[in-house]
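>>> Here is a sequence with its predicted model. Questions after.
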Amino acid sequence: MRDHITDDNSMDGRQPVSSVIALLDRYPFLVLALLLVGAFASSSAAPLAGLYVVEGLGEPPWKISMVAIVQVCITLLTNRAFGRAIDRGVPVKLLLITSILCFASGMMILGAVQVYWVYLCIVSILLGVGSGALSVMYSFGRLFAEQTNRDIAKFNGFLRMQTSLGWMVGPAASLSVFGAFGFAPTYYAIATVAAVWFAVCLLIVPAAFKTHHPGRLKPGEKVPFNVGLIMACIPVFFIGAANVVFVSAMPLYFSTELGLVASAAGFALTVKCFVEVVVIYFCASLIRKVGERKGMLIAAVLASIFFGLIYQASSLREVLVLGALDGMYYGIFAGISMTFVQNFAPEQPGVATSYYVSTLFVGGLIGNLLTGLVASAYDFQSTVLVAGGFALMGGAVLLMMGNPDRKESANA
């Protein structure tokens with residue numbers, strides 16, 4: 001339940017509720033719709049990157065890593081800059097529009113110019129800035145939940161559900177369009193979706209919406225070092241990287257080493273995503289019962305069990321059953337991890353969210369690189385052991401660290 005909202009919010013350091021915020025308060029699904037459209041657009045581009053470099057441009061596979069490294073580095077810098085800007089009181093809409101326009105421009109260039117160096121030197125930078133939109137939208141959702149007195153953990157869970165739903169549909173849709181029409185029309189189609197995303201942003205995000213925390217960063221002020229925030233990101237890195245390692249290796253592991261049908265990985269991902277979305281919905285209740293840290297520890301334990309069992313799986317039936325366990329652990333992780341990190345810096349939601357999203361990107365990059373290295377040196381089944389090791393390390397860190405300062409979180 002949440003409290004009734006009045007125009008007296010400025011008494012506790014919050015902004016007065018504008019007419020637009022009052023409208024969003026009545027129809028919060030509009031905020032979720034913004035993230036859903038953004039997740040659909042960005043996820044549609046993800047599966048094409050490697051195909052475009054190898055099949056579209058005729059370049060060797062190692063050049064995919066160069067593009068990924070440039071894009072992730074730019075994303076990390078963008079998240080850092082945008083997070084600090086949000087906590088200094090820069091309107092969220094300005095930052096989000098910047099990211100969306102960069103993403104749409106990158107898609108248009110990929111459709112028009114098929115040159116690898118253009119992709120590496122121009123488009124990768126544009127897409128890196130465009131990836132900063134995820135952190136901004138999560139920060140917008142957190143601030144909106146606070147300003148309208150919503151259950152933050154529950155609303156964060158709804159935000160993560162939109163990301164999962166977007167990723168359930170986006171890659172399949174873009175690959176279907178690619179199979180029928182080729183690269184250029186697919187990239188133009190994604191740019192069209194980005195245009196819709198831009199329009200939704202203009203309509204939904206209030207022009208003056210910004211942080212309401214009285215302790216937000218001032219121009220020129222340095223971000224204070226927060227040991228707890230850094231520690232909170234470590235288990236997020238390990239558990240997130242474990243998921244990426246397995247998902248990257250899964251198609252070839254299932255088909256070449258387990259001898260399953262080529263569609264087995266797709267079926268397993270469908271089961272995982274379905275269970276994941278359902279589990280995220282109930283994560284707020286789990287947080288109320290055990291807290292964020294113990295919830296994350298449950299996710300790490302379930303992940304370790306999953307990787308141990310999937311290492312020994314041998315049939316399609318076993319793979320699909322274990323897909324539900326995969327969705328269960330990752331649903332708990334996805335539904336809790338953002339709130340877990342944010343609560344270590346409750347008065348700096350922009351910086352905390354940027355740390356969280358950047359950690360996921362770094363985990364994804366390292367996970368993808370490790371998959372290739374381990375599979376080349378040993379086999380794809382060995383990557384499952386690496387993923388399990390990552391999950392165990394994440395759990396070990398959670399056991400050693402403490403909970404966030406609840407008093408400080410309540411004051412925020």
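Happy to help now that I have it.
>>> Could you use CA atoms for every contact and neighbour count after this?
OK.
>>> lowest average confidence, helix or strand, in the chain?
Least confident helix or strand of the chain, by mean pLDDT, DSSP states H and E, is helix 406-411 with a mean of 43.
>>> So which residues of the stretch 1-150 of the chain form helices?
According to DSSP state H, counting those that start in this stretch, the stretch 1-150 of the chain carries its helices in the segments 19-26, 29-45, 48-51, 62-87, 92-112, 116-118, 124-130, 132-147.
>>> ok, now the stretch 301-412 of the chain?
In the stretch 301-412 of the chain, the helices defined using DSSP H, counting those that start in this stretch lie at 316-342, 349-377, 380-400, 406-411.
>>> now, of the ones you listed, which is deepest in the fold?
With neighbours defined as mean count of other Cα atoms under 10 Å, the helices of the stretch 301-412 of the chain peak in mean count at helix 316-342, which reaches a mean of 24.
>>> tell me the secondary structure for residue 213?
coil (DSSP: H, G, I helix; E, B strand; the rest coil).
>>> Surely it is in contact with residue 347?
Yes: contact criterion Cα atoms under 8 Å: residue 213 and residue 347 qualify, at 6.0 Å.
>>> quick one, what contacts residue 244?
For residue 244, the contacting residues are 363, 364, 367, 368, by Cα atoms under 8 Å, 6 or more residues apart in numbering.
>>> Residue 107 now?
Residue 107 touches 123, 187, 188, 190, 191, counting by Cα under 8 Å, 6+ apart.
>>> one more time with 6 Å, if that's ok
Counting by Cα atoms under 6 Å, 6 or more residues apart in numbering, residue 107 touches 187, 191.
>>> re earlier: out of the helices of the stretch 1-150 of the chain, which gets nearest to residue 262?
helix 48-51 (17.8 Å; Cα to Cα).
>>> most neighbours per residue, which of the helices of the stretch 1-150 of the chain?
By mean neighbour count, with neighbours taken as mean count of other Cα under 10 Å, helix 124-130 ranks first of these at a mean of 25.
>>> Could I get the average pLDDT for that one?
On average, the pLDDT along helix 124-130 is 96.
>>> what packs against that helix?
In terms of contacts (3 or more Cα pairs under 6 Å, 6 or more residues apart in numbering; DSSP states H and E), helix 124-130 is packed against helix 62-87, helix 92-112.
>>> Same list, those, but as CSV with mean pLDDT and distance to residue 314 please.
Output for the helices and strands packed on helix 124-130, formatted as CSV (pLDDT from 0 to 100; distance: least, Cα to Cα, whole Å):
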stretch, mean pLDDT, distance to residue 314
helix 62-87, 90, 31
helix 92-112, 96, 41
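>>> so can I have a markdown table of these showing distance to residue 296?
Listed next are the helices and strands packed on helix 124-130 as a markdown table, based on distance: least, Cα to Cα, whole Å:
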| stretch | distance to residue 296 |
| --- | --- |
| helix 62-87 | 24 |
| helix 92-112 | 29 |
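>>> out of these, nearest to residue 384?
helix 62-87 (21.3 Å).
>>> pLDDT below threshold where in the chain?
Scanning the chain for pLDDT under 70 picks out 1-18, 214-225, 405-412.
>>> Show me it divided up by domain.
By the assignment in automatic domain parsing, the chain contains the domains 9-204, 227-411.
>>> so how far is the last one off the chain centroid?
Relative to the mean C-alpha coordinate of its chain, domain 227-411 is positioned 12 Å out (Cα atoms, centre = their mean, to the nearest Å).
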